[in-house]
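Chemist: with the input below, show me the fold.
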Amino acid sequence: MTATGPKAEVAVREATRADLLKVFRIEKQSFPQPWPYAAFERFLDTPGFLIAEDADIVGYVVADSIPNHGTSIGHIKDLAVAPNRRGEGIGRLLLSRALSALFVDGADRVKLEVRESNGTARSLYEAFDFEIHHIVPNYYDDGEDAYVMVREA
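Modeler: Next up is the predicted model:
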């Protein structure tokens with residue numbers, strides 16, 4: 001990775017229906033509990049559903065915001081990079097763009113959940129000033145805890 005981003009020229013854009021099968025394939029390669037295909041369909045036309053691509057789709061992020069007592073809370077729901085493209089800064093690029101979209105949409109803070117064992121993801125989030133807010137015991141189907149991490153705007 002260079003100081004400014006991924007090694008290869010990677011573009012980020014909003015996801016479209018035509019992207020969903022490739023997004024779903026990356027999801028299944030990335031997580032022991034992948035989202036179902038239909039979950040991605042629900043986020044189409046959401047400004048925080050972004051894909052990274054060069055010659056092909058190499059990663060995605062799903063984020064949205066919800067009203068909360070007159071403010072808005074952003075939520076990074078899912079972020080993954082194709083296994084053969086990890087370590088190039090693509091996740092960092094996607095997270096940066098998703099945060100920008102959420103803050104432009106009025107989010108005062110952003111939250112996410114991450115597996116306790118996923119040190120790589122936690123390091124990325126900490127680099128973006130996310131802090132552990134609390135732990136949710138047995139959050140995942142396999143009994144693993146989740147860290148809920150929060151970043152203020």
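
Chemist: where does pLDDT dip in this structure?
Modeler: Where the chain drops to pLDDT under 70, the residues are 1-8.

Chemist: where along it do the helices fall?
Modeler: Assigned by DSSP state H, the helices in the chain fall at 20-30, 37-41, 90-104, 119-127.

Chemist: what residues of the shortest one count as buried?
Modeler: So the one you mean is helix 37-41. Applying a neighbour-count criterion of 16 or more other C-beta atoms under 10 Å, one finds residue 40 buried in helix 37-41. Glycine gets a C-beta too; all of them are placed from N, C-alpha and C.

Chemist: between the helices of the chain, which gets nearest to residue 59?
Modeler: Proximity to residue 59 (C-beta to C-beta) singles out helix 90-104 among the helices of the chain, at 4.7 Å.

Chemist: what angle do that closest one and helix 119-127 make?
Modeler: Taking axes from the mean of the first three to the mean of the last three C-alpha atoms, to 10 degrees, one finds helix 90-104 and helix 119-127 inclined to each other by 40 degrees.

Chemist: got a list of contacts for helix 90-104?
Modeler: 1, 5-6, 10, 12, 47-48, 50, 52, 58-61, 63-65, 74, 76, 79-81, 110, 121, 124-125, 127-128, 151, 153 (C-beta atoms under 8 Å, 6 or more residues apart in numbering).

Chemist: which of the residues in that helix are classified as buried?
Modeler: Neighbour-count burial for helix 90-104, counted by 16+ other C-beta under 10 Å, picks out 90, 91, 92, 93, 94, 95, 97, 98, 99, 101, 102, 103.

Chemist: do stretch 142-153 as well
Modeler: For stretch 142-153, the neighbour count (16+ other C-beta under 10 Å) marks 146, 147, 149, 150, 151 as buried.
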